[in-house]
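Asker: Any chance you can model this:
(chains A and B)
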Amino acid sequence: MKEKTQVTIEAKNLVKKFGTFAALDGVDLKVDNGELLALLGPSGSGKTTLLRIIAGLDWPDSGEVSFNGEDALAQGARERHVGFVFQHYALFRHMTVFENVAFGLRVQPRAVRKDEATIRARVKELLDLVQLDWLADRYPSQLSGGQRQRIALARALAIEPRILLLDEPFGALDAKVRKELRRWLRSLHHEINVTSIFVTHDQEEALEVANRVVVMDKGRIEQIGSPDDVYETPATAFVHGFIGESIELPVQVDGGVIRLGDQPLQLAAEGLASGASKLFVRRHDMLVGPPGSGAFEGAVQHVRNFGPVLRAEVALSGGETIEIDAPRDKELRAGDTIGLNPRRYRIFAG
Amino acid sequence: MTMQIADAVSLSASDAKAREKARAHAAAARDTLRTEARAVRIAIITLAVLFLTVFVVLPLVVVFAQAFSRGILAYLAALAEPEAMAAIKLTLIVAAISVGLNLVFGLVAAWAIAKFEFKGKTFLITLIDLPFSVSPVISGLVFVLLFGAQGYFGSWLRDHDIQILFAVPGIALATTFVTFPFVARALIPLMQEQGTQEEEAAISLGASGLQTFFRVTLPNIKWGVLYGVLLCNARAMGEFGAVSVVSGHIRGETNTMPLLVEILYNEYQFVAAFAIASLLAMLALITLIAKTVLERHLDEGEDASDH
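Answerer: Now for the predicted structure:
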């Protein structure tokens, strides 16, 4: 679309406290040029605070933020040239869609401000880009949620931002619109190729849209990696539990033996530190076999048909009850005693 | 009954006839919900109407009847008296000054309270309400205490030949103090509800503080501002107590309309007193109508912002 400005973002040791609550507790992050990065975490994990600090809408208590090595904290939000899309869009309610998108162009200092014809052409171009040129004369209150979201994006892009930041861009939309917009955002990013960060609490959204995912919890970064990385090789117990549905069992590692309750499990435990630990298995990685064939044994309590899979509630002989996903052709009935063998599993100390 | 209503409502999204039916159902439902006997209802309504007539309608009628009791010419002559003209002029000047000042103060105070977090915010809100909770006479006395001949600044003012008490500045000050809460009170809830996101959006799009205020904040609150100004103006023109204390009642110079009404009345000049009073009554009526119109706009604004 336009010539691209190369921007990398670097945050170093950011700390931000609200009273005694630490929203950010020592965050380091490097975002490469042209990336589409997701900040993923539960509410209160500090992801929105991090985004607002990068935008210049909030200030850290300590730490550094730089764009291309330049200190960004020395600049206010106005000078940073960052496009920000708010969770609730924050469209100017008394302006038409056209004027909303034109706002960033109209408030430029007189010396660099474009003439009216150029502004009009640019707004038209942006409305075409978000495929809403036919709504130019409407007011925000007359638009659907998805339309508002796209107008908010067009407005943010009008200033040709160096960086695009999106705060829960799809949070307030219903499921169907959300899925459409996700795909659309990814292709749009591909087209305009601006370094972008979006905040979400929806792991599916993060894994589907982003090139890289940053998983946050309690003001700290738990893991940074590709969607495959964070799903396949979670770095911490939190990441494993938060991304993808997991079975979590409290186990005891004891000199190369893993115990659930007082039962030793037939699972490899090389290299694990002794002590209380947590065993994580994805639901679909728990393979069902005849009794005695696997590391666990249990009685099937309920079986539900869950779309492509059967979801079974199994009471393990150790006393824990877990939910597993089995292929539909598996014959499982309530009351069956089965053996369970985790195809893959991870153990975290703590 | 409730089921029927729900059915009728859900079926009639676009069908006016069915909607009419639903309304009839709802009215019927309301009727069966009434527990008071018919006689009790009539008695209560009559009481309300009587009360309104005696305390609101009748006084208004009396004001105009007295004003025009010797015909329209006497009415106009009373208004054309130099003393009356001076009072009208003074009232307009004082109202213009105090509304202007309170518009600025109110906007600034509401802006600070609604858009920023700071220590002592609750205290500031309480302070804004102070003029409402203090008797206007006390408010006036405060200014006498400050600027009067025996007051704190009295000798200094006399030395520099500045006249505050018994002159326009004193009346304007007292009126401004008494009417201070109106604009701020109209704006604080409105601005709090609107939050700061639109302003943040404007700044991230490169707008300066002033551009943000004039292009985003002000258009969003313009109906609220007008509402506050309207009530502030009505009170400023009608204020008696505080002004009475600081004015000194100098005829043709420091009498506002409400003060002149009292003086004329005490001198048995009923036509003149009520002629001036009729102007104040008309101001009240116009204010009421304008208020209704503005309230409708404010409601619409809320609907529009209802994402």
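Asker: SS state for residue 244?
Answerer: All of this refers to chain A. Recorded secondary structure, residue A:244: coil (DSSP: H, G, I helix; E, B strand; the rest coil).
Asker: I was thinking of chain B, sorry if that wasn't clear
Answerer: Classification of residue B:244 by three-state DSSP places it in helix.
Asker: How about the contacts made by it?
Answerer: Residues near residue B:244 by Cβ atoms under 8 Å, 6 or more residues apart in numbering or on different chains: B:137, B:140, B:259, B:262. (Each C-beta comes from the backbone N, C-alpha and C, glycine too.)
Asker: From the chain's centroid, how far away is whichever strand or helix holds the second one?
Answerer: Okay, so that is residue B:140. Using DSSP states H and E, the element containing residue B:140 is helix B:136-147. Distance of helix B:136-147 from its chain centroid, counting by Cα atoms, centre = their mean, to the nearest Å, is 22 Å.
Asker: could you dump the contacts of residue B:244 to CSV with neighbour count?
Answerer: Output for the contacts of residue B:244, formatted as CSV (neighbours: other Cβ atoms under 10 Å in any protein chain shown):
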residue, neighbour count
B:137, 13
B:140, 27
B:259, 23
B:262, 16
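Asker: Show the secondary-structure elements that the helix holding residue B:140 is packed against.
Answerer: Counting contacts by 3 or more Cβ pairs under 8 Å, 6 or more residues apart in numbering or on different chains; DSSP states H and E, helix B:136-147 is packed against helix B:168-178, helix B:241-247.
Asker: List the buried residues for that helix?
Answerer: Of the residues in helix B:136-147, B:136, B:139, B:140, B:141, B:142, B:143, B:144, B:146, B:147 count as buried by neighbour count, 16 or more other Cβ atoms under 10 Å in any protein chain shown.
Asker: starting at the chain centroid, how far to the next helix or strand after it?
Answerer: The C-terminal neighbour of helix B:136-147 among helices and strands, as given by DSSP H and E, is helix B:154-159. Taking Cα atoms, centre = their mean, one finds the center of helix B:154-159 at 35 Å from the center of the full chain.
Asker: so what's the most centrally placed residue in chain B closest to, chain neighbours aside?
Answerer: Nearest residue to the geometric centre of chain B (Cα atoms, centre = their mean): residue B:231, 1.7 Å. Nearest residue to residue B:231, sequence neighbours excluded (Cβ to Cβ, 6 or more residues apart in numbering or on different chains): residue B:182, at 4.7 Å.
Asker: Contacts for the helix or strand containing that neighbour next, please.
Answerer: Per DSSP H and E: residue B:182 is located in helix B:181-194. Residues from elsewhere that reach helix B:181-194, judged by Cβ under 8 Å, 6+ apart: B:102-103, B:105-107, B:109-111, B:113-115, B:125, B:128-129, B:131-132, B:217, B:220-221, B:224-225, B:227-229, B:231-232, B:235, B:298, B:302, B:305.
Asker: again with stretch B:268-287
Answerer: B:60, B:63-64, B:66-67, B:69-70, B:74-75, B:78-79, B:81, B:84, B:87-88, B:230-231, B:233-234, B:237-238, B:257-258, B:260-262, B:264-265.
Asker: for residue A:35, what are its contacts?
Answerer: Counting by Cβ under 8 Å, 6+ apart, residue A:35 has contacts A:195, A:196, A:211, A:212.
Asker: from these, which ones fall inside helices?
Answerer: Secondary structure from DSSP state H places none of the contacts of residue A:35 in helices.
Asker: Now, of those residues, which are buried?
Answerer: Listed as buried from the contacts of residue A:35 are A:195, A:196, A:212; burial here means 16+ other Cβ under 10 Å.
Asker: Among the contacts of residue B:244, which one sits closest to chain A?
Answerer: Using Cβ to the nearest Cβ, residue B:140 is the member of the contacts of residue B:244 that lies nearest chain A, at 40.7 Å.
Asker: Noted, bye for now.
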